[in-house]
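K.L.:
Requesting a structural model of the entry that follows:
(chains A, B and C)
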Amino acid sequence: MKEHIKKNAHQYRLLGLLVILLIVMGILAPGKFLTVKNFKNMGFQMAEFGILAIGMSVVIMTGGINLSIVNSAMLASIVSAMAMRTLYNGGEGMADIPVILIGVAITVVIAIACGMINGFFVAYIGVLPILVTLGTQTVFDGIALNITRGSGVSGFPKLFQKIGAGTLGQIPYTMLIYVVVIVVAYLMIERSRWGISVYMVGGNEKATRFSGINTKKTIMGVYVFSAVLSGLAGILMTSRYNSAKADYGSSYTMQAVAATVLGGTSINGGSGHVLGTVIAVAIIQVISSGFNILKINRNFTDIATGLILVGVLALNHFVNKGSLKKRVRVSVK
Amino acid sequence: MVIYQDFSLFPTLTVKENIAFSEQIDKKRRIVNWKEIEETSKRALGILGVDIDLNAKLGSLSTAKQQLVAIARALVYDAKLLVMDEPTSALSSGEVQHLFKIMNELKARGLGIIFISHKLDELFAICDRMSVIRDGQYIGMRNNGETTTGEIITMMVGREIVEEHVGGTNIGDVILEVKNISKRGNYDDVSFNLRRGEVLGITGLVGAGRTETVRALFGLNPPESGEIYLEGKRISPKSPAEAQALGIAFVPESRLTEGLVLQQDAESNITLSILKNFVKNGLIDFKARNKRSVELIEQLNVKPPYPAMQIAKFSGGNQQKVVVAKWLATNPKVLIVDEPTNGIDVGAKTEIHALLRRLADEGMAVIMVSSELPEILSISDRVLVMRRGRINGEFDAEGLTQEEIMEKAVMASGEKGETA
Amino acid sequence: MSDKIKRALGNKEASVFIILIAVMLIATIFNPAFLTFSNIMDVLKGNATLGICSMGMLLIILTGGIDASVCGQLTLVCVIAGKIMANFQFDNIIVLYLLGIAIGCFTGLLNGLMVARLDLPPIIATLGLDSVLMGYLKYYTNGNWINAKELPPRIGQIGLFRFFSNPEVNGSGVPLQLLLYVLVALLTWFMLNRMLLGRSIMAMGGSRVGAERIGLNAKNLTTFAYMYAGMMYGFAAITYTCAMNSVDPNAFLGFEMNVIGAVVLGGALMTGGQGSVLGTVLGMLLFAFIKNGLTLAHISAYWQNIIVGAIILLAVSFDMIKLHREERLQTKVDIEPKEAIAR
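P.N.:
Model (predicted):
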């Protein structure tokens, strides 16, 4: 137990911070913050952001970054939204459930394609992830804008809206989906062979490759995984807004990086935990909702996230300073 | 003032800047005085008597020319002493002759030169005095003309107590056959074979192509021509994963950059090569993984025996045991170890030697690349000596001396050294 | 191509130049209106902001860094200057430029300190700053424009000013923005090629250890690069505000991609030390003319982004493939020629 706490000290500290924030918000906004209604609201918003952040985390664990994560989400959503609109045809086409299933399938397929493009350039050509994803960001965004002419796509079955807006008792469906994603992501990243390889590649790609692991495949997998999660987040966003539009969620990219770093994943790769990111997402969501309730402009969330991001890393810098190891060059007998 | 002739050159700047840039800094010029740079660099190259395009980007020059630029830069400083570390390692013999001519001229101008090299013929051709340093210790100094190659070789290898040669007890049939493999700039026309139960030592100087050759067997540096046979079947591994599947294991030279994932614990490192063995219902069975890592840690006597400790915190010797353990876990047919005892303590060294010998006696075929001759002599059954990308000598380890090996390592087959 | 021209342009720049000529030729074939004086001048005027910013980004990329806060820094200067112009009807352009440069210098300094002193990865430091700046600016402006009516009339006049303009011919004369861009490019060229400071940055980008060994202060040089970039953004922001005669807080969303793209297209390597002013100018021209050519060929703005994004991806991929090839063919062992043994 002691070992466990020591190993996950960062996560426990984050959890402590989250609890403190909840208490502070509860005191600052009595009767408004610690309510079922507010938690339900946070649940609606947190899911899509959390899923994107987990998708970002796994890329950063390999030492990469995925700046196109929101754009692949929206591209996939838009294509699927158009398909759903056509198939549903204002209620005169196919029935609700098949339309939705086809829509989800299309989202996932397009997302996988986006992920494979990123993965191909990073893993097989060796271009820096930041350049690749900056480029694909423009390309995905361009395609999304091109097919929608910048406007929103809507006209889905009523049932589809339920995904993003419906609840089971008091618990939003999105929250349930989020929990499933967390569990699956946890199992895949921290307990599967691929996941272990992800950490190893992030720590030392060469040593991992030299140990007989196909690191290119591992990296490709990371970008595909990230894109599939982005597609899922896209579905939630489309459903919540009841439309798909190219510029939805644009501030999520930065926030996802911030949540990942805040959650304890090193930007250089090789470390991090899914649960760390999940707690960090909750912290950012509490700040954002708290600001909202306290009538602080929502843009201050961006400011706070930016400051937290830089602050956490600056803190790490001071903590790590002076822990350089001496190396022996010649063994003197 | 001492100028180290090393890597502090700027590949993206021009030749003249590389030569004269620091002068500008010293003179605190805000605006670069190109005329001054041009004059200074011209003068420096003039002393060397070489013709290099002043405006060419340094990175686009051959290594030989880059080296001349580095020397020219040292001259700008009015250096009294020039330290040249293996300056001829990438030069052709014509370029070496030219460099020697320049060195003689510099000497005549009153400059002192420290010339660090493994190549004895070059030392005898250019140096006035020779000092031998071994394992961080000063061994002795001899004047050129009053010594022989043999004496220097003796000083280089020392008279240390060589662990007694232990030959194999269980040498079987040929398992690996390498036929005339070549790769430009890596190795040339290399052939040898390896038997079950045998430890094959491969030695030679740094830069002789030993590592490049054994990497070819592990799919890292595939040959352009030639053939490799494993158990009679032709193989051509293109990646470590393929090589591993064939039953070849490789402990790389640099455990820190190629052998270990330093942030991770011992368990993750030790089981990295056999991760797939622990997959149960799509997930890793951490209990089984932990059990296996504990076994391996015990088997190799890794200290402290904590699988959960971060690998960076282990001593060099124990880190090396972890890398070896990682590969033993795959139960390979052929185990290749590259400088297996580099920078580790004596105790761990003895353990690794005993382990390699034992593995061979149990039927594994082992290739050991090493620069340490006592090590090569003590546990190898056969020894290959490489020189400049080729195999320059093959010996039976029984009764072999360090001098015989060193002679093959430093001199071409045709030349003859006088052994002291 | 003769050696002399090749040397003058550098290998990388020469290939960018050839591609640029090819693009211009193709664009002219599709629409002869491309190769007219007024069109070229309009393109250059429209892309002067990009060009000025790319000079700053070039310095950062030379140090091996990257700047994701272009949007935040540009918008900050535009909004502050715009508010001053609108609220006080202030139109002293010199003071406005100095103010813009000073603000940019400050935000750039923040980036520089985070990267050089706190060792933050450049992408994180600059993303963080961008987030803070854009968050504040969105709150402050609420997304509202400052339009031409609110700005002093002189601002718009400055934006429209052209040298050697013939009042009888529409679109004649050289736009002021082009001149400013040329000035900035010359200044940056002078600094990078004639001043010790610039050469030191080039040296440090190529070999940080080497630079420190000959007594250069890598931390200060890195900080300076970010500051210089900030000053360029400040300068560009004022130029842009005059040219547009309005302030749109959302005008620069995603603009860093264009800026980085222009520098990378111009042959700079993200690893640092490699890149030139001439290359960056050519990269910017390539970027601008491809977009303009596509416009004249009646290809939608959306497609233009896709094509430009794809071109950048291919350009960096090509560089990587070449680099890997060179690495693979590198000589590691000096193999003795067979004749030498025979002898």
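
K.L.:
Would you mind checking the average pLDDT for stretch C:318-332?
P.N.:
Averaged over stretch C:318-332, pLDDT sits at 79.

K.L.:
That stretch vs chain A: in contact?
P.N.:
Yes: judged by C-beta under 8 Å from any C-beta of the partner chain, stretch C:318-332 and chain A are in contact via C:320-321, C:324. All C-beta atoms are positioned from the backbone trio N, CA, C, and that covers glycine.

K.L.:
again, but for stretch C:233-251
P.N.:
No: judged by C-beta under 8 Å from any C-beta, stretch C:233-251 makes no contact with chain A; its nearest approach is 9.9 Å.

K.L.:
Pull out the CA atoms of that stretch and give them to me as CSV.
P.N.:
The C-alpha trace of stretch C:233-251 is given here as CSV (Å, rounded to 0.1, in the frame of the first residue of the first chain):
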residue,chain,number,x,y,z
TYR,C,233,5.1,40.1,-34.6
GLY,C,234,4.6,43.5,-33.1
PHE,C,235,5.8,45.2,-36.3
ALA,C,236,3.6,42.9,-38.4
ALA,C,237,0.6,43.5,-36.3
ILE,C,238,0.7,47.3,-36.8
THR,C,239,1.3,46.9,-40.5
TYR,C,240,-1.6,44.5,-40.7
THR,C,241,-4.0,46.8,-38.8
CYS,C,242,-3.2,49.6,-41.2
ALA,C,243,-3.6,47.4,-44.2
MET,C,244,-6.9,46.0,-43.0
ASN,C,245,-8.1,49.2,-41.4
SER,C,246,-9.7,47.1,-38.8
VAL,C,247,-9.0,44.8,-35.9
ASP,C,248,-10.4,41.3,-35.9
PRO,C,249,-9.5,39.4,-32.7
ASN,C,250,-10.0,36.1,-34.6
ALA,C,251,-8.0,37.0,-37.7
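
K.L.:
hmm, back to that, who wins for neighbours among the residues of stretch C:318-332 next to chain A?
P.N.:
Within the residues of stretch C:318-332 next to chain A, most neighbours by other C-beta atoms under 10 Å in any protein chain shown means residue C:320, with 15 neighbours.

K.L.:
where's that one, which helix or strand?
P.N.:
For residue C:320, the host element (DSSP states H and E) is helix C:301-329.

K.L.:
Okay, buried residues for that helix please.
P.N.:
If you call a residue buried by 16 or more other C-beta atoms under 10 Å in any protein chain shown, then helix C:301-329 has these buried ones: C:302, C:304-309, C:311-313, C:315-317, C:319.

K.L.:
In these, find the pair that's most separated.
P.N.:
Greatest spatial distance among the buried residues of helix C:301-329 (C-beta to C-beta): C:302 and C:319, at 27.0 Å.

K.L.:
Determine the set of other helices and strands touching the helix or strand hosting residue A:216.
P.N.:
Here residue A:216 sits within helix A:215-241, counting by DSSP H and E. When contacts are defined as 3 or more C-beta pairs under 8 Å, 6 or more residues apart in numbering or on different chains; DSSP states H and E, helix A:215-241 sits against helix A:36-61, helix A:69-88, helix A:96-119, helix A:158-165, helix A:173-186, helix A:193-203, helix A:205-210.

K.L.:
Show me how far stretch C:303-320 is from its chain's centre.
P.N.:
17 Å (C-alpha atoms, centre = their mean, to the nearest Å).

K.L.:
and that stretch, does that touch chain B?
P.N.:
No: remark: stretch C:303-320 sits outside contact range of chain B, by C-beta under 8 Å from any C-beta, the gap being at least 14.5 Å.

K.L.:
Just list the residues touching the closest residue to residue C:134 other than its chain neighbours, thanks.
P.N.:
Excluding the flanking residues, the one nearest residue C:134 by C-beta to C-beta, 6 or more residues apart in numbering or on different chains is residue C:72, at 4.9 Å. Taking C-beta atoms under 8 Å, 6 or more residues apart in numbering or on different chains as the criterion, residue C:72 is in contact with C:107, C:129-134, C:137.

K.L.:
Between which two of those residues is the distance greatest?
P.N.:
Greatest spatial distance among the contacts of residue C:72 (C-beta to C-beta): C:107 and C:131, at 12.9 Å.

K.L.:
can you list the helices and strands packed on helix A:215-241 in JSON lines and add mean neighbour count?
P.N.:
What follows is the helices and strands packed on helix A:215-241, written out as JSON lines (neighbours: other C-beta atoms under 10 Å in any protein chain shown):
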{"stretch": "helix A:36-61", "mean neighbour count": "23"}
{"stretch": "helix A:69-88", "mean neighbour count": "27"}
{"stretch": "helix A:96-119", "mean neighbour count": "20"}
{"stretch": "helix A:158-165", "mean neighbour count": "17"}
{"stretch": "helix A:173-186", "mean neighbour count": "18"}
{"stretch": "helix A:193-203", "mean neighbour count": "24"}
{"stretch": "helix A:205-210", "mean neighbour count": "23"}
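
K.L.:
and residue C:17, which of these is closest to it?
P.N.:
helix A:96-119 (29.7 Å).

K.L.:
Using CSV, list the CA coordinates for the closest one.
P.N.:
Output of helix A:96-119 as CSV, limited to C-alpha atoms (Å, rounded to 0.1, in the frame of the first residue of the first chain):
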residue,chain,number,x,y,z
ASP,A,96,-33.2,5.6,-36.0
ILE,A,97,-31.0,2.8,-34.8
PRO,A,98,-29.5,1.6,-38.1
VAL,A,99,-28.8,5.3,-39.0
ILE,A,100,-27.0,5.9,-35.7
LEU,A,101,-25.0,2.7,-36.0
ILE,A,102,-23.9,3.5,-39.5
GLY,A,103,-23.1,7.0,-38.3
VAL,A,104,-20.9,5.8,-35.5
ALA,A,105,-19.2,3.2,-37.8
ILE,A,106,-18.4,5.9,-40.3
THR,A,107,-17.0,8.2,-37.6
VAL,A,108,-14.7,5.4,-36.4
VAL,A,109,-13.6,4.5,-39.9
ILE,A,110,-12.7,8.1,-40.9
ALA,A,111,-11.0,8.6,-37.5
ILE,A,112,-8.9,5.5,-38.1
ALA,A,113,-7.9,6.8,-41.5
CYS,A,114,-6.9,10.2,-40.0
GLY,A,115,-4.9,8.4,-37.4
MET,A,116,-3.2,6.2,-39.9
ILE,A,117,-2.1,9.3,-41.9
ASN,A,118,-0.5,10.8,-38.8
GLY,A,119,1.0,7.4,-37.8
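
K.L.:
So which elements touch that helix?
P.N.:
Short answer (3+ C-beta pairs under 8 Å, 6+ apart): helix A:96-119 packs on helix A:69-88, helix A:129-148, helix A:158-165, helix A:215-241.

K.L.:
Touching the shortest one from outside, list them.
P.N.:
Counting by C-beta under 8 Å, 6+ apart, helix A:158-165 makes contact with A:44, A:84, A:96-97, A:99-100, A:103, A:172-174, A:177, A:235-242, all of which sit outside it.

K.L.:
10 Å - rerun?
P.N.:
With contacts defined as C-beta atoms under 10 Å, 6 or more residues apart in numbering or on different chains, helix A:158-165 is touched by A:44, A:47-48, A:81, A:84, A:88, A:91, A:95-97, A:99-100, A:103-104, A:154, A:156, A:166, A:172-174, A:177, A:235-242.

K.L.:
Quick one: the helices in the stretch 201-350 of chain B, in order.
P.N.:
B:210-217, B:240-246, B:266-270, B:286-299, B:316-328, B:346-361 (DSSP state H, counting those that start in this stretch).

K.L.:
and the longest one, does that touch chain A?
P.N.:
Yes: where contact is defined by C-beta under 10 Å from any C-beta of the partner chain, part of helix B:346-361 touches chain A, namely B:346, B:349.

K.L.:
can you count the residues close to the closest residue to chain A within the stretch 51-200 of chain B?
P.N.:
Distances between the stretch 51-200 of chain B and chain A by C-beta to the nearest C-beta are smallest at residue B:136, namely 3.7 Å. Around residue B:136 there are 11 other residues, counting by other C-beta under 10 Å.
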